[in-house]
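Peer 1: Give me the fold of what follows.
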Amino acid sequence: MTLRRLLAVSTLSLALSAGLAQARENGTAPVALDRIEAAVTAGTPRVIAWRRDLHANPELGFAETRTAAMVAAHLRALGMEVRTEVGKTGVVGVLRGGRPGRVVALRADMDALPVLEATGLPFASTATGTYMGSTVPVAHACGHDAHVAMLMGAAEVLAGMREDIPGTIVFIFQPAEEGAPPGEPLGGARLMIQEGALSNPRPDAIFGLHVVPGRPGTVFYRPRGFMAASDRVDITLHGRQTHGAWPWKGVDVIATSAQVVQTINTLTARTIDPTTTPTVFTIATLDAGVRYNIIPDRAVLSGTLRTFDIAQRDDLVARTRVAIDNVAETYGATAEFTVRQNAALVFNNEELSAWLAPVLTEAAGAGNVNPATPPTTVAEDFSYLSQEVPGVFYHLGGSKDGVDPSTSPPNHSPEFDVNEAVLPLGVRTHVLSAIRFLERD
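Peer 2: Predicted coordinates:
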């Protein structure tokens, strides 16, 4: 941590301490940590049970009907104002505290992935769903089951302290974080925003978390650009079908595809300085042909672009478009090139990021919070929520005890699992980030 950052955090900590002292004089002392800890501990068995139930019953984006019903019933039982079907299957709960004050939001994502689970857990998923017209296995291979359970736990703790809360807390349970399903124009965050999730009441700040491989009990994030912007790239090449023995009598889209992939790799590796702005451009699918001795007339490629700089991203997209057209023309083919943004850059508000460090340390303990972690090229549509109101998104280390995080199965892996020992920490970070924000002067 730089001297400037240390001074900023120290100044904020002193200001917070002074504000808490004034609050005590006014008879509005902050909620004590031991009271929060007792409530979190009492609720942990339920959080674990919710997580296991959700894990065994995963649902794909915009199909989270069972999950949404479970969440809505829980929030209503806690006496909250509840709105359902906000963004198809999204749920919004509003907890109004006993005293007036600001508004803060907490968010969790609910959707699972078309992945065949291979964890061997006794509550492993055997569920299926429909994706791109096909029946597919479905699993919580990204940890959203844990996210929902932790925020449900935080809602229960905070509802039990309603009279001592100086303000309002909005709980956002979001569908389709993994991107808009085929045929849908918007993913979960943007659709929920469009349908009023951040309105009436409008939050002054929003916080969210994600479980990832990492030492259990640790929390890490960074101010400004933390998680990459994500674009989906689609390329369709048109040629002329011919016999595999007579390639010169057609236009070979297979050879053209190979050259397109190499061109994209070279553009990214040779024109972007990776030490200043990390950039990843991956072609992940290539669909062409039906028989070993027929060169087809069409090839379809798709991939993902991850960036941290808008101007650089726009320049790379423009140069890629020109390069692909040139490659296609060289082979006598034509190309269609489209780019669609799945998630914007997760940009953590600098002032809130500095303020949050001691709050997360209160939750996780000294030495367990890193507010200056390197950026990561994975993406999150929390980015759209924090474009609307100031926000901070942080990661929670969730590897198994004694397992090197670098070898821990990553998110989206069939073997991905969450260390349930970190669930109480996620509940505490949610509770403390909300309460301490509302207690600020």
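Peer 1: Please report how far residue 277 lies from residue 320.
Peer 2: Distance, residue 277 to residue 320, using CB to CB, to the nearest Å: 16 Å. C-beta: built from backbone N, CA, C; applies to glycine.
Peer 1: correction: residue 334
Peer 2: Separation of residue 334 from residue 320 (CB to CB) stands at 16 Å.
Peer 1: quick one: which of the two has more around it?
Peer 2: Counted by other CB atoms under 10 Å, residue 334 and residue 320 do not tie: residue 320 has more neighbours, with 21 against 15.
Peer 1: low-confidence ranges in the chain?
Peer 2: The chain contains residues with pLDDT under 70 at 1-28.
Peer 1: Please identify which helix or strand holds the spatially most central residue of the chain.
Peer 2: The centre of the chain sits closest to residue 380, judged by CA atoms, centre = their mean, with a distance of 3.4 Å. Assigned by DSSP states H and E, residue 380 belongs to no helix or strand.
Peer 1: ok, now how distant is it from residue 386?
Peer 2: With CB to CB as the criterion, residue 380 and residue 386 are 10 Å apart.
Peer 1: Quick check: neighbours shared by the two?
Peer 2: Taking CB atoms under 8 Å, 6 or more residues apart in numbering as the contact rule, residue 380 and residue 386 both touch 346, 393.
Peer 1: secondary structure class for residue 428?
Peer 2: helix (DSSP: H, G, I helix; E, B strand; the rest coil).
Peer 1: ok, residue 173 - contacts?
Peer 2: Residue 173 neighbours (CB under 8 Å, 6+ apart): 67-68, 71, 90-93, 107-110, 148, 151.
Peer 1: how does it look with 6 Å?
Peer 2: 71, 91, 108, 110 (CB atoms under 6 Å, 6 or more residues apart in numbering).
Peer 1: Spatially nearest residue to the second one (excluding sequence neighbours)?
Peer 2: By the measure of CB to CB, 6 or more residues apart in numbering, the closest residue to residue 91 outside its immediate chain neighbours is residue 173, 4.2 Å from it.
Peer 1: Run a quick check on residue 229 versus residue 344, I expect a contact.
Peer 2: Yes. Using CB atoms under 6 Å, residue 229 is in contact with residue 344, at 5.3 Å.
Peer 1: Now name the helix or strand holding residue 262.
Peer 2: Going by DSSP H and E, residue 262 is in helix 253-271.
Peer 1: CA atoms only: put that helix into PDB for me.
Peer 2: Presented in PDB, the C-alpha positions along helix 253-271 are these (Å, rounded to 0.1, in the frame of the first residue of the first chain):
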ATOM      1  CA  VAL A 253     -13.200 -21.000 -44.900                       C
ATOM      2  CA  ILE A 254     -11.300 -23.500 -42.800                       C
ATOM      3  CA  ALA A 255      -7.900 -22.000 -43.800                       C
ATOM      4  CA  THR A 256      -9.400 -18.500 -43.500                       C
ATOM      5  CA  SER A 257     -10.600 -19.300 -39.900                       C
ATOM      6  CA  ALA A 258      -7.100 -20.500 -38.900                       C
ATOM      7  CA  GLN A 259      -5.600 -17.300 -40.200                       C
ATOM      8  CA  VAL A 260      -8.300 -15.100 -38.500                       C
ATOM      9  CA  VAL A 261      -7.400 -16.800 -35.100                       C
ATOM     10  CA  GLN A 262      -3.700 -16.200 -35.600                       C
ATOM     11  CA  THR A 263      -4.300 -12.600 -36.700                       C
ATOM     12  CA  ILE A 264      -6.400 -11.900 -33.500                       C
ATOM     13  CA  ASN A 265      -3.800 -13.500 -31.300                       C
ATOM     14  CA  THR A 266      -1.000 -11.500 -33.000                       C
ATOM     15  CA  LEU A 267      -2.900  -8.200 -32.800                       C
ATOM     16  CA  THR A 268      -3.400  -8.600 -29.100                       C
ATOM     17  CA  ALA A 269       0.100  -9.800 -28.300                       C
ATOM     18  CA  ARG A 270       2.000  -7.400 -30.500                       C
ATOM     19  CA  THR A 271       0.100  -4.200 -30.300                       C
END
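Peer 1: Name the residues of that helix that are buried.
Peer 2: 253, 254, 255, 256, 257, 259, 260, 261, 264, 267, 268 (16 or more other CB atoms under 10 Å).
Peer 1: residues in contact with that helix?
Peer 2: In contact with helix 253-271 (CB under 6 Å, 6+ apart) are residues 237, 239, 279, 281, 283, 286, 299, 323-324, 327-328, 331, 333.
Peer 1: what about it, distance to the chain center?
Peer 2: What separates the centre of helix 253-271 from the centre of its chain is 29 Å, taken as CA atoms, centre = their mean, to the nearest Å.
Peer 1: And the next helix or strand past that helix?
Peer 2: Following helix 253-271 toward the C-terminus (DSSP H and E): strand 280-288.
Peer 1: For that following strand, give me every contacting residue.
Peer 2: Identification of contacts with strand 280-288 by CB under 6 Å, 6+ apart yields 257, 261, 264, 268, 296, 299-306, 377.
Peer 1: partner strands of it, parallel or antiparallel?
Peer 2: strand 298-307 (antiparallel) (DSSP bridges).
Peer 1: top of the contacts of helix 253-271 by neighbour count?
Peer 2: residue 237 (28 neighbours).
Peer 1: Run through the bridge partners of that one.
Peer 2: residue 299, residue 335.
Peer 1: Would you mind measuring from it to residue 95?
Peer 2: 53 Å.
Peer 1: now swap in residue 429 and tell me
Peer 2: 17 Å.
Peer 1: Do a quick rundown of the helices in the protein.
Peer 2: 3-25, 33-56, 65-77, 144-159, 188-194, 253-271, 310-331, 350-364, 382-388, 423-439 (DSSP state H).
Peer 1: Pick the most buried one from those helices.
Peer 2: helix 144-159 (a mean of 27; mean count of other CB atoms under 10 Å).
Peer 1: Quick check: which helices or strands does it pack against?
Peer 2: On a contact count with 3 or more CB pairs under 6 Å, 6 or more residues apart in numbering; DSSP states H and E, helix 144-159 meets helix 33-56, strand 99-109, helix 423-439.
Peer 1: Redo those as a markdown table? Include distance to residue 290.
Peer 2: Below are the helices and strands packed on helix 144-159 laid out as a markdown table (distance: least, CB to CB, whole Å):
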| stretch | distance to residue 290 |
| --- | --- |
| helix 33-56 | 39 |
| strand 99-109 | 38 |
| helix 423-439 | 48 |
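Peer 1: do you know which of those lies nearest residue 214?
Peer 2: Of all the helices and strands packed on helix 144-159, it is helix 423-439 that lies closest to residue 214, at 11.5 Å by CB to CB.
Peer 1: Run through who's touching the closest one.
Peer 2: Contacts for helix 423-439 (CB under 6 Å, 6+ apart): 30-31, 36, 40, 44, 47, 101-102, 104, 106, 150, 153-154, 157-158, 166-167, 169, 205, 207, 359-360, 362-364, 396.
Peer 1: go on, stretch 87-104?
Peer 2: 62, 64, 68, 71-72, 75, 80-84, 86, 158-159, 162-163, 165-175, 188, 191-192, 195, 197, 201, 203-205, 434, 437-438.
Peer 1: Done for today, thanks.
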